[in-house]
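1. generate coordinates for the sequence data below:
(chains A, B, C and D)
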Protein chains: 2
Amino acid sequence: MAKEPWLGDDEQKAWRSYLLMWKLLETHVARHLQREYGLSASDFEILVNLSEAPTGRMRAFELGEATQWEKSRMSHHLTRMEKRGLIAKVACDARYPEIAITEQGLEAIRACAPAHAALIRELVVDTLGTDRLVSLGDAGAEVATAIEKHRQTTCPPEVRGEY
Amino acid sequence: MAKEPWLGDDEQKAWRSYLLMWKLLETHVARHLQREYGLSASDFEILVNLSEAPTGRMRAFELGEATQWEKSRMSHHLTRMEKRGLIAKVACDARYPEIAITEQGLEAIRACAPAHAALIRELVVDTLGTDRLVSLGDAGAEVATAIEKHRQTTCPPEVRGEY
DNA sequence: AAGTCTGGGTTGATGTGTCAACCAAGGTCA
DNA sequence: TGACCTTGGTTGACACATCAACCCAGACTT
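-> Here you go, the predicted structure:
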């Protein structure tokens, strides 16, 4: 089967090696979190944001900005998390509910955060060293900008979901 | 709400910027593929592998090695793809079926591959430049090794799924 | 030849993500 | 006041992923 020269050989190789690494990392970390602490990566993301909020509360909307999830995903996931007692929806604004982390939710992140950070540290930070990690972060920012630009030029109508 | 010093400040910032970028990239590319060509990222991955195989056929098992999916995910997804006519399961070995790409499947990747590659090129390759992309690939390989090692030391019993 | 391993593959239940359609409180303007 | 936008949020249907249990052809044992 013919293989088109989509990218240069080195580029292609680098890109694929990178893709593979990321997939490994994602599933490895997610499994760790799930097996040891019963939290999905999504749960973790929400809990981190809430626990870092000064009041421990945020509007679903703010969470959406922070995580870049679409609103329906957010809604579904928050419903599930509420059912599990990790968060609560409190009606204060007489309009839109605020999302509050519960005692149980707090315990959950407190329990897993150190191990999670240690894992990232071991697998990524220590492997790359701070310097390379920082340039990785810079590269990330540049690519993110490129994506943002591309999104605006190629999706002119507001079809872009609201991420 | 207290914030533990999980990672150094620069490290944390770099890591998060990186995470954000990746999320943007993943969803942006997936949406592009889906909207314009009706293929999910998973479909694409399978089709790429099959189309690059000399015979256009692979065992599900080989696909599993290439993609690092678990076998059940593979099975489910192949069933769905077969239903859509992108691939076919052919029983040749009188034991385990081979997965063959169909004419329709071939057309599908041929149709989307150039645009997909161009998108990656624009967003990543051109943004970073070949040099940085290559070092990204190297970094990826190192991290992948670290993950592999970690998996073996921390999951001694064969609970590791078979990825 | 019967008994049991082993490992590739399937299945079903359940959790998660996406799309599109809908709902409702507030704002805008007649 | 009433017809209309927005806009944050929900819902339902469906695609996808994960886990655990199962199936079964061949290899290994005796």
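
2. how far away is the residue in chain A that DNA strand C sits nearest to from residue A:78?
-> Residue nearest to DNA strand C within chain A (C-beta to the nearest atom of the strand): residue A:72, separated by 3.3 Å. Bear in mind the C-beta positions are built from the backbone N, C-alpha and C, glycine included. Relative to residue A:78, residue A:72 is positioned 11 Å away (C-beta to C-beta, to the nearest Å).

3. could you do residue A:104 as well?
-> Taken as C-beta to C-beta, the span from residue A:104 to residue A:78 is 15 Å.

4. higher neighbour count, these two?
-> Counted by other C-beta atoms under 10 Å in any protein chain shown, residue A:104 and residue A:78 do not tie: residue A:78 has more neighbours, with 19 against 12.

5. for that one, helix, strand, or coil?
-> helix (DSSP: H, G, I helix; E, B strand; the rest coil).

6. now swap in residue A:85 and tell me
-> Once three-state DSSP is applied, residue A:85 turns out coil.

7. quick one: stretch A:118-128 near chain B?
-> Yes - counting by C-beta under 8 Å from any C-beta of the partner chain, chain B is contacted by stretch A:118-128 at A:119, A:120, A:121, A:122, A:123, A:124, A:125, A:127, A:128.

8. stretch A:52-61 too?
-> Yes - using C-beta under 8 Å from any C-beta, stretch A:52-61 reaches chain B at A:52, A:53, A:54, A:55, A:56.

9. that stretch near DNA strand D anywhere?
-> Yes - interface with DNA strand D: stretch A:52-61 contributes A:59, A:60, A:61 (C-beta under 7 Å from any atom of the strand).

10. before we move on, the earlier item: the residue of chain A closest to DNA strand C sits in which helix or strand?
-> Assigned by DSSP states H and E, residue A:72 falls within helix A:71-83.

11. write out the residues of chain A neighbouring DNA strand C.
-> A:40-43, A:69-70, A:72-73, A:76-77, A:80, A:94-95, A:161.

12. of these, closest to DNA strand D?
-> Of those, the one sitting nearest to DNA strand D (C-beta to the nearest atom of the strand) turns out to be residue A:72, at 3.1 Å.

13. residue A:134 versus the closest one, what's the distance?
-> 35 Å.

14. give me the more crowded residue out of the two.
-> Comparing residue A:72 with residue A:134 by other C-beta under 10 Å, the one with more neighbours is residue A:134, at 18 against 9.

15. how much space is there between residue A:129 and residue A:110?
-> Relative to residue A:110, residue A:129 is positioned 29 Å away (C-beta to C-beta).

16. just want to know which of those two has more residues nearby.
-> residue A:110 (13 against 10).

17. assumed that one was part of a helix.
-> Yes - under three-state DSSP, residue A:110 sits within a helix.

18. what mean pLDDT does whichever strand or helix holds residue A:115 get?
-> In this assignment (DSSP H and E), residue A:115 forms part of helix A:103-120. Throughout helix A:103-120, pLDDT has a mean value of 95.

19. can you list contacts of that helix?
-> Residues from elsewhere that reach helix A:103-120 (C-beta atoms under 8 Å, 6 or more residues apart in numbering or on different chains): A:29, A:32-33, A:36-39, A:43-44, A:47-48, A:50-51, A:56, A:81, A:85-87, B:4, B:6-7, B:15, B:150.

20. ok, back up a step: okay, who's weakest in the residues of chain A next to DNA strand C by pLDDT?
-> residue A:161 (50).

21. which stretches in chain A count as strands?
-> A:57-59, A:87-90, A:98-101 (DSSP state E).

22. take the ones you listed and lay them out in CSV including mean neighbour count.
-> Formatted as CSV, the strands of chain A follow (neighbours: other C-beta atoms under 10 Å in any protein chain shown):
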stretch, mean neighbour count
strand A:57-59, 18
strand A:87-90, 18
strand A:98-101, 21
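
23. near DNA strand D, which residues of chain A?
-> A:27, A:30-31, A:34-35, A:59-61, A:64, A:71-72, A:74-76, A:78-79, A:89, A:96-97, A:162.

24. returning to what we had before: just the buried ones among the residues of stretch A:118-128 next to chain B, please.
-> Using 16 or more other C-beta atoms under 10 Å in any protein chain shown as the burial test, these include A:119, A:120, A:121, A:123, A:124, A:125, A:127, A:128 as buried.

25. dump the residue contacts of the nearest residue to residue A:16 once chain neighbours are set aside.
-> Leaving aside its sequence neighbours, residue A:16 sits nearest to residue B:137 (C-beta to C-beta, 6 or more residues apart in numbering or on different chains; 7.9 Å). Neighbouring residues of residue B:137 by C-beta under 8 Å, 6+ apart: A:13, A:14, A:15, A:16, A:17, A:18.

26. good, we can wrap up now.
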